[in-house]
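Q: how does the following fold in three dimensions:
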Amino acid sequence: MQSSDGNPPQAVADLRVATVASTPHFECISASCTALDVLDQDWSSEAGLPHLLLIESSGLRTHSGGGGPLADAKVERAAELIAWAERNGVSTALWETALRRRIKTPILLMRMVEHLFVADPEAGEPLTEQLKGRRPMQLPLAAQRVPDAVPGFGDRSHQIAFLGRWPEGFSGRLRDELEAILDVASDRGLVIFQSERAKTNDALPERFSSFVRPVSSAADAVEAFADSRMVVGFDPANIGRLVVPQLTLEALAAGSAVIAPNHAGIRRMFRYSALVTKDHEEAKEGIERILGSEEEWNEESDVARKAILHAHTYSHRLATIASAARFRVVPAADPKSAVA
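A: Sure thing, here's the model as predicted:
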């Protein structure tokens, strides 16, 4: 398929994308291609029409960061943009990035777009019923921070990092498996990053309180993953059965070895690049093996990085969305996977 200027894009970087997205998603999209946030401004046709109109679901929420309830004005604007795109022959896509239980995007808006993607595979079946047989395509989240190079074993200050969000009512098998990992990590240099804005009912079990290091936000904790040899790739406060938590993607991109409870989503996407454990013994064996040998850690870190660089960047996600609209574009070349 050709673009409006007659020249088909060859690479993701060649794409022009009119975008409705939350700030974090827009920053990642605009870093991969030419993108314009069209919520508050119209697309200028001076450089040609966009190849795609991409609506990312959290961009329809009240807060620019993607939180809060739906904003009626943003939904109305998205509908207007879809109509504009149809009149001008521009392909339209909607990427629903919320967990199934948190989806708020109106079904009517989903029916309007040509191509519909969901991050949560569990959302596919119920949405298919609501859309009268039209099944969304599954498109997982991608790493938002992909450094060109990462620190080596000897240049990382922390042994094992955990983002310590602990919601009220968190219980069951995954809690038991997570606590087993943290119990082992307690003897191997555990650091628990916890946002200063955490709610009082997000308190960790008392025996882990001495390992807490306050940070201003969860984003600051994620930035510290590049300084951590191993990361507990699990987020009790934001979990779907088949969805890999965003922090896991960021940890792998940072070249950290990832250990997690026996989570179905991590097994499905990262069977060979993350360590999933079911009990204290498995956690102890894995942690001692990886952290006890620089050579073993280097191998694990390299596999972790390649898992992201080869398939789970925003450039890959945009290539997939563009391919649905019959644009054959190549994702950006992978940054070097070697350590700094």
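Q: buried stuff in stretch 58-75?
A: By neighbour count on 16 or more other Cβ atoms under 10 Å, the buried set for stretch 58-75 is 58-61, 64, 66, 71, 74-75. Using the backbone N, CA and C atoms, a C-beta is placed for each residue, glycine as well.
Q: show residues contacting that stretch.
A: Applying Cβ atoms under 8 Å, 6 or more residues apart in numbering, the external contacts of stretch 58-75 come out as 19-26, 39, 78, 97-98, 104-106, 109.
Q: ok, now stretch 309-320?
A: With Cβ under 8 Å, 6+ apart as the criterion, stretch 309-320 contacts 12, 15, 17, 28-29, 31-33, 95, 117, 139-140, 142-144, 146, 249, 252-253, 269, 329-332, 334-335, 337.
Q: counting only strands, which of the residues you listed make the cut?
A: 17, 95, 117 (DSSP state E).
Q: list the contacts of the second one.
A: Each residue near Trp95 by Cβ under 8 Å, 6+ apart is listed here: 54-57, 117-119, 139, 317, 321.
Q: out of those residues, which comes closest to Ser273?
A: Checking the contacts of Trp95 against Ser273 with Cβ to Cβ, the nearest one is Arg317 at 18.1 Å.
Q: what is the mean pLDDT for the strand or helix carrying that closest one?
A: Assessed by DSSP states H and E, Arg317 sits inside helix 314-324. Averaging pLDDT along helix 314-324 gives 98.
Q: number the residues from 23 up from this point.
A: Sure thing, new numbering starts at 23, so read that last one as helix 336-346.
Q: which parts of it are buried?
A: 336-344, 346.
Q: circling back to that earlier point, make TSV from the contacts of Trp117 and add distance to Glu199 to it.
A: Supplementary listing: the contacts of Trp117 in TSV, determined by distance: Cβ to Cβ, whole Å:
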residue	distance to Glu199
Leu76	37
Ile77	37
Glu78	32
Ser79	30
Phe139	31
Val140	27
Ala141	24
Leu161	28
Arg339	30
Ile343	35
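Q: any idea which of the residues you listed has the most stuff around it?
A: Tallying neighbours with other Cβ atoms under 10 Å puts Leu76 at the head of these, with 32 neighbours.
Q: any idea how far it is from Thr342?
A: Distance, Leu76 to Thr342, by Cβ to Cβ, to the nearest Å: 12 Å.
Q: can you give me the helices for the chain?
A: Remark: helices assigned in the chain by DSSP state H are 45-54, 94-109, 129-134, 146-152, 195-207, 240-245, 268-275, 286-291, 302-313, 316-331, 336-346.
Q: show me what the fourth one packs onto, helices and strands only.
A: When contacts are defined as 3 or more Cβ pairs under 8 Å, 6 or more residues apart in numbering; DSSP states H and E, helix 146-152 packs onto helix 129-134, strand 137-140.
Q: can I get the first one in PDB? Just the C-alpha atoms.
A: Which is helix 129-134. The C-alpha trace of helix 129-134 is given here as PDB (Å, rounded to 0.1, in the frame of the first residue of the first chain):
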ATOM      1  CA  ILE A 129     -17.700  -0.400  22.200                       C
ATOM      2  CA  LEU A 130     -19.100   2.100  19.600                       C
ATOM      3  CA  LEU A 131     -15.600   3.600  19.200                       C
ATOM      4  CA  MET A 132     -14.100   0.100  18.800                       C
ATOM      5  CA  ARG A 133     -16.700  -0.700  16.100                       C
ATOM      6  CA  MET A 134     -15.700   2.500  14.200                       C
END
